[in-house]
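>>> Give the three-dimensional model of this entry:
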Amino acid sequence: MRIVYWLESFMRAHVLVLLVFLTAVQGVFAQLLEIKPVSTGGDPVGTWEVNQEPIQVYAAPELLATVSNLQFTGVISGRLILNAQGGYESDYITTSTASLSILGLPLAIDTADPNRSIGSYTIADNILTLTPSGADTVVTVVSYSVNGNTLTLVQGVPLGEFAGLVAGLGGAPLAVFDMNKVNTGFTGPITADFNGNGTVDFPDFISFAQQFGKTPADIGFDALFDLNNSGSVDFGDFISFAQQFGLKT
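Numbers count the residues shown, from 1 in each chain. Predicted coordinates for the structure are as follows:
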């Protein structure tokens, strides 16, 4: 009976080691949050960057109770672009170290998780869904909040075959990290929303291209497209339009 009990304890300990290992590899954690994060949504269009910023993580108390001395350090660096036409480009990487003790045995795991893809995105309330281009795609679903120039993403940690077991212990851990909005360099009034739909987008570009190169001497010239008031629709106007592209009025 003692042998059976020892074997059961041994197996349970190794399952816990695997759980924490997979969590660390897929997640990248730092400070443990005591309160589950709540996302509020907002307008995420823009270019967002982060440079060696720490990552936080929320884990259910039931999961934390199964292991001891959990400690995490992690940082994220890179860029996420969400344009007004529903396209995205992600190029960021997370690195972390997870440490814990199982039966008095200390463990440390170093990880690096690159996130590089392009595709399309959709928004429903506070949920952002990223769908990479290509036949074989892995859709990323995150909740998010926009607070001024900060984009906060909250993403569940995938645990593969252990997902069901972890869900029974209180749910998968949540990785939380912030990105800062990049200044496009345009500070003036938005004047390139030619069709008045509230966004400087591709239809505005088509209209601008039809006017490019025209002067008041040309038939059909429209001064609306002379953004810098130089007397013609020229390269300076194109620069101004490019700076405004994707912005909302």
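
>>> Sketch out the helices for the chain, chain order is fine.
Counting by DSSP state H, one finds helices in the chain at the ranges 2-26, 61-64, 163-168, 202-211, 235-244.

>>> so how far is residue 178 from residue 78?
13 Å (Cβ to Cβ, to the nearest Å). The C-beta positions use only the backbone N, C-alpha and C, and glycine is treated the same way.

>>> shared neighbours, these two?
With contacts taken as Cβ atoms under 8 Å, 6 or more residues apart in numbering, the residues that reach both residue 78 and residue 178 are residue 50.

>>> For this protein, name the helix or strand with the lowest mean pLDDT.
Lowest on mean pLDDT, DSSP states H and E among the helices and strands of the chain sits helix 2-26, with a mean of 41.

>>> how close does residue 149 get to residue 43?
From residue 149 to residue 43 the distance is 12 Å (Cβ to Cβ).

>>> Okay, buried residues for stretch 41-57 please.
44, 45, 46, 47, 48, 49, 50, 55, 56, 57 (16 or more other Cβ atoms under 10 Å).

>>> tell me how far the ends of that stretch are from each other?
With Cα to Cα, to the nearest Å as the measure, the ends of stretch 41-57 fall 19 Å from one another.

>>> what's the answer for stretch 119-138, then?
Stretch 119-138: ends 11 Å apart by Cα to Cα.

>>> Mind listing residues that contact it?
Counting by Cβ under 8 Å, 6+ apart, stretch 119-138 makes contact with 39-41, 44, 82, 86-88, 90, 117-118, 139-145, 153, all of which sit outside it.
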